[in-house]
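Undergrad: need coordinates for the below:
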Amino acid sequence: MDVFTTDWIEQAQNAIAMMPKYKPIPFQYILATATQLTDLRELIEHWVADFPTETRKQLISRLRSRNADHTLNELRFGNHLKQLGCEIEYEPKLSGLTPDWLVKTAATSFIVEVFTASHASDEEAELEKSIRANIIDLVGRLQEIIVPYGITVHISPTPAILTESINEQLAKNVASWLTTVPPQVGAEQLWLGAHFQVVRYNPAYTSLQIIGPGHSWVVNNEPLQSKIVKKILRYSDVLGQLNMPLILAVAPTMYSGLSIDNLEDIVLGQERVSYHVDAQGAIMGQTYLTRAWKDGLFLHEPHLSGVLWMESRSNISFIQNPNAALPFNLLDIEAV
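TA: Residues are numbered from 1 along each chain as shown. Here you go, the predicted model:
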């Protein structure tokens, strides 16, 4: 083991043990310790072992850092390209730039730049991360209450109002409520914008069971489109000099809500659909019409030859740009 050594796993376990209660565990520690990720760790060891010594050191360091999820996405795309018969080089220096992958086939070479996509801007994504952390914090505190009840939790107007101090007070209020005079199913309380209702009593419960609080967000294409454009601009001045197609590889974050449909709307243009409704306005069916091709990035960004999309660990799709200055179809490559 080079990546997940005994020492690193022990460090990760100790770091988790020292973390404050109710805090989300950083991904690099989950990756190193979670039992359900044993097979993935073995795959990563196999992927990393194929690289030169200096590259291995770099990858190992990053897989142990807060950027472990992005590095893992880079490796997944790299492995996908390797399985297609390509030769891959990690972060080569090309005309002052360091793309994630330089990929060589029997007929050509091309650049792959990987990025992780969110439904929000970087600032909004940090806010969402904070909201989720505070939800986890509240639920963790409530689950420590030793009572045989199940309750629902709703936060108004949104869970964004939660903080550690508010969560601490709410947990104290709920504990007092449920232990002083045992309530009936249906009993409810409202404190600090948080609504609690007892929905179940079960003597078999060893602690309080929680449903909620829910949290929703809008799936927005703009941040993803903006990142794609920035990546293209970064390479536009050197692609002609290098004479290499540029492929962007996109991996959505866990909570993004993004799918390949969003990517297709961005690069191919918004999908147009005609809905058929009855006299009462109920949808009876739909007919796909076309895409607003003139709105798609492919028409306006010939420097981009195509995009890869990671739907899951084993499902990677490719969309070709038919308007590319350097036409390229990943499906037609020949092994080296």
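Undergrad: quick one: low-confidence ranges for the stretch 51-200 of the chain?
TA: In the predicted model of the stretch 51-200 of the chain, residues 120 satisfy pLDDT under 70.
Undergrad: all helices for it, in order.
TA: For the stretch 51-200 of the chain, applying DSSP state H, counting those that start in this stretch gives helices covering 53-63, 68-83, 122-143, 164-180.
Undergrad: return the most buried member of these.
TA: helix 68-83 (a mean of 20; mean count of other C-beta atoms under 10 Å). For every residue, glycine as well, the C-beta is placed using N, CA and C.
Undergrad: sorry, back to before: export the helices of the stretch 51-200 of the chain to JSON lines and tack on distance to E45?
TA: Formatted as JSON lines, the helices of the stretch 51-200 of the chain follow (distance: least, C-beta to C-beta, whole Å):
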{"stretch": "helix 53-63", "distance to E45": "10"}
{"stretch": "helix 68-83", "distance to E45": "11"}
{"stretch": "helix 122-143", "distance to E45": "29"}
{"stretch": "helix 164-180", "distance to E45": "38"}
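Undergrad: Q225 is nearest to which of the ones you listed?
TA: Ranking those by proximity to Q225 (C-beta to C-beta) places helix 122-143 first, at 14.4 Å.
Undergrad: not counting the closest one itself, show me its contacts.
TA: Contacts with helix 122-143, where a contact means C-beta atoms under 8 Å, 6 or more residues apart in numbering, come from 21-24, 118, 120, 151, 153, 158-160, 162-164, 167-168, 170-171, 174, 207-210, 213, 215, 217, 223, 253, 255.
Undergrad: out of those residues, which end up buried?
TA: 22, 118, 120, 151, 153, 159, 162, 167, 170-171, 174, 208-210, 213, 215, 223, 253 (16 or more other C-beta atoms under 10 Å).
Undergrad: filter these down to just the ones in strands.
TA: Mapping the buried ones among the contacts of helix 122-143 onto strands (DSSP state E) picks out 151, 153, 209-210.
Undergrad: which two in those are spaced the farthest apart?
TA: Spanning the widest gap among these are V153 and Q209, at 11.0 Å by C-beta to C-beta.
Undergrad: so I232 is in contact with H300, correct?
TA: No: here I232 lies out of contact with H300, judged by C-beta atoms under 8 Å, at a distance of 9.8 Å.
Undergrad: with neighbour numbers in mind, choose between these two.
TA: Taking other C-beta atoms under 10 Å, I232 and H300 do not tie; I232 has more neighbours (19 against 12).
Undergrad: so what's P148 up against?
TA: Per C-beta under 8 Å, 6+ apart, neighbours of P148: 201-206.
Undergrad: is it possible to get TSV of those residues that adds distance to I316 and pLDDT?
TA: Listed next are those as TSV, based on distance: C-beta to C-beta, whole Å; pLDDT from 0 to 100:
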residue	distance to I316	pLDDT
Y201	48	96
N202	44	96
P203	49	95
A204	45	95
Y205	43	95
T206	43	94
